[in-house]
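> Let me see the structure of the following:
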Amino acid sequence: MNSIQPYENRTRLVGLDFLRGLVIFMAIFEHYTGYLNYWYVDFFPKESDFYETLYRSHLPMLGQLVPMDSFTGQVSAWLIPWVSQVYLALAAFNLSARSSEHMRATLVKKLALFLSIIFVLYIEGFIIAPNFGEAISFYPVMLWMTLLAFFSIVYAFFGIRGMLVLTVLSTIVSQLGVTSLLEHAELWMQTHVHPGYELDARLDLFMASGCFGFLYGWVWHHYAEKRDALNKLLLGIALVALSLYFLNGQAATIDLHDVYAEEHALAEDTIGRLGIWGTEFLVIGLILTLHQAGIRLSWRPLNWIGMYSLTVFIFHKSIFIFLWGPLLTWASAKMGTTLPNNFLLIFTLCSLSVGIIYLFKRSGIICHLMGDHQDQMWKDVYRKKRLSDA
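This is a model prediction of the structure:
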């Protein structure tokens with residue numbers, strides 16, 4: 001029997017906040033590693049006025065990639081292939097909590113939200129990107145919002161049956177000519193708009209993760225009595241998928257000079273995708289199994305990142321490009337060295353950035369700068385004025 005609970009009465013899954021926070025922290029780690037890889041290529045040229053004075057020690061690295069240390073490479077090889085996939089699966093898991101009727105009633109508002117987030121991400125791109133091509137590129141979080149919007153439409157009008165059909169299609173989308181179409185679209189943009197354009201998030205590599213997360217969440221949210229059986233089933237599937245991957249697949253690799261070079265390589269192979277999907281089911285299934293046993297996996301710093309994941313994601317890049325990058329360049333120049341790129345440094349910068357974002361959030365300064373404290377006054381003064389004018 002269907003045991004649908006009112007959405008408002010559902011207990012927040014703190015274990016998934018923990019996992020989301022861990023995933024976001026790993027994404028920050030990847031991005032900061034990448035910024036250090038590319039600093040002398042994309043950002044240091046802006047300091048050309050000071051090459052022969054302050055930044056003389058950096059000149060031998062101009063236009064060169066800064067390699068990460070081997071330990072960072074090993075960590076990245078194990079974690080990077082599934083980080084963004086799990087984040088999408090978790091977002092889709094939450095999206096499925098409401099009924100299709102409720103989704104249909106709130107669809108316009110939800111689509112407007114996803115579109116607004118994409119718009120903000122493009123604005124961020126124009127602020128931080130080293131060139132126009134990268135500013136207009138299509139990145140994973142933009143694809144996540146696009147897919148979540150698409151899932152919302154399908155679920156609103158076709159219900160869970162529509163999502164089941166979409167899930168089947170998502171597993172064979174690469175055989176439907178989508179990959180070739182996307183490659184041609186990227187080439188066209190590079191040829192006719194800007195050579196720096198990149199279609200960094202391909203539909204064929206990520207759509208299935210979102211669909212699986214949605215279906216997992218739908219059964220979890222709407223059939224409470226089946227949660228234990230669901231977790232056992234998906235943990236079993238995860239073990240089979242991971243066994244097939246470890247027996248037949250190739251280990252993920254990493255280029256120490258470019259953390260992004262092999263970022264999606266595992267997802268381009270069928271066996272590799274099994275490894276990714278198995279990892280998703282394993283980590284989500286384990287956390288939900290612990291939840292069912294009354295164990296709430298939680299560590300406040302990571303859970304805070306998980307709850308405010310978009311806030312953290314939006315600000316972390318700017319903090320590196322406008323604070324840590326210039327500061328490291330200056331400090332290393334003063335010591336007569338070049339930029340380091342090692343695990344301890346990256347982990348420290350990631351932690352400090354999260355701390356800065358936390359202080360921004362807690363201080364209320366962002367809301368104050370946005371004028372939230374004046375919203376009621378605006379309504380009182382100008383809404384009344386409009387009504388009186390009418």
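> so where do the helices sit in the stretch 1-150 of the chain?
14-38, 70-95, 100-105, 107-128, 132-135, 140-171 (DSSP state H, counting those that start in this stretch).
> Least confident of the ones you listed, on average?
For the helices of the stretch 1-150 of the chain, mean pLDDT drops lowest on helix 70-95, to a mean of 92.
> quick check: angle from it to helix 14-38?
Put simply, helix 70-95 runs at 140 degrees to helix 14-38, going by axes from the mean of the first three to the mean of the last three Cα atoms, to 10 degrees.
> quick one: low-confidence parts of the stretch 251-390 of the chain?
384-390 (pLDDT under 70).
> at 80 what do you get?
366, 370, 373, 383-390 (pLDDT under 80).
> on that earlier part again, could you dump the helices of the stretch 1-150 of the chain into a markdown table and include distance to residue 365 and mean neighbour count?
In this view, the C-beta of every residue, glycine as well, is placed from N, C-alpha and C. Putting these into a markdown table (distance: least, Cβ to Cβ, whole Å; neighbours: other Cβ atoms under 10 Å) gives the following:
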| stretch | distance to residue 365 | mean neighbour count |
| --- | --- | --- |
| helix 14-38 | 21 | 23 |
| helix 70-95 | 27 | 21 |
| helix 100-105 | 35 | 15 |
| helix 107-128 | 18 | 14 |
| helix 132-135 | 27 | 17 |
| helix 140-171 | 24 | 18 |
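> Among those, which comes closest to residue 350?
helix 14-38 (4.7 Å; Cβ to Cβ).
> Looking at the helices of the stretch 1-150 of the chain, which is nearest to residue 297?
Here helix 14-38 is closest among the helices of the stretch 1-150 of the chain (Cβ to Cβ), at 4.1 Å.
> And the closest one, how far out from the chain middle?
Its chain's C-alpha centre lies 8 Å from the corresponding centre of helix 14-38 when counted by Cα atoms, centre = their mean, to the nearest Å.
> on contacts alone, who are the packing partners of that helix?
helix 70-95, helix 270-292, helix 300-307, helix 309-319, helix 343-363 (3 or more Cβ pairs under 8 Å, 6 or more residues apart in numbering; DSSP states H and E).
> Just put those helices in CSV and tack on distance to residue 101.
Below are the helices and strands packed on helix 14-38 laid out as CSV (distance: least, Cβ to Cβ, whole Å):
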stretch, distance to residue 101
helix 70-95, 15
helix 270-292, 26
helix 300-307, 27
helix 309-319, 27
helix 343-363, 34
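> Please name whichever of the ones you listed is nearest to residue 168.
helix 270-292 (14.1 Å).
> Return that closest one as CSV; C-alpha atoms alone will do.
What follows is helix 270-292, C-alpha atoms only, in CSV (Å, rounded to 0.1, in the frame of the first residue of the first chain):
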residue,chain,number,x,y,z
THR,A,270,30.2,1.1,-20.2
ILE,A,271,32.1,-0.8,-17.5
GLY,A,272,33.4,2.5,-16.1
ARG,A,273,29.8,3.7,-15.8
LEU,A,274,28.9,0.5,-13.9
GLY,A,275,31.6,1.4,-11.4
ILE,A,276,30.3,4.9,-11.0
TRP,A,277,26.7,3.8,-10.6
GLY,A,278,27.8,1.1,-8.2
THR,A,279,29.6,3.7,-6.1
GLU,A,280,26.5,5.9,-6.1
PHE,A,281,24.2,3.1,-4.9
LEU,A,282,26.8,2.0,-2.4
VAL,A,283,27.4,5.3,-0.6
ILE,A,284,23.8,6.4,-0.7
GLY,A,285,22.5,3.0,0.3
LEU,A,286,24.9,2.7,3.2
ILE,A,287,23.9,6.0,4.6
LEU,A,288,20.2,5.3,4.3
THR,A,289,20.7,1.9,5.8
LEU,A,290,22.4,3.6,8.8
HIS,A,291,19.5,6.0,8.9
GLN,A,292,17.0,3.2,9.1
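> before we move on, back to that, in CSV, list the helices of the stretch 1-150 of the chain along with distance to residue 218.
Formatted as CSV, the helices of the stretch 1-150 of the chain follow (distance: least, Cβ to Cβ, whole Å):
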stretch, distance to residue 218
helix 14-38, 15
helix 70-95, 9
helix 100-105, 10
helix 107-128, 16
helix 132-135, 37
helix 140-171, 6
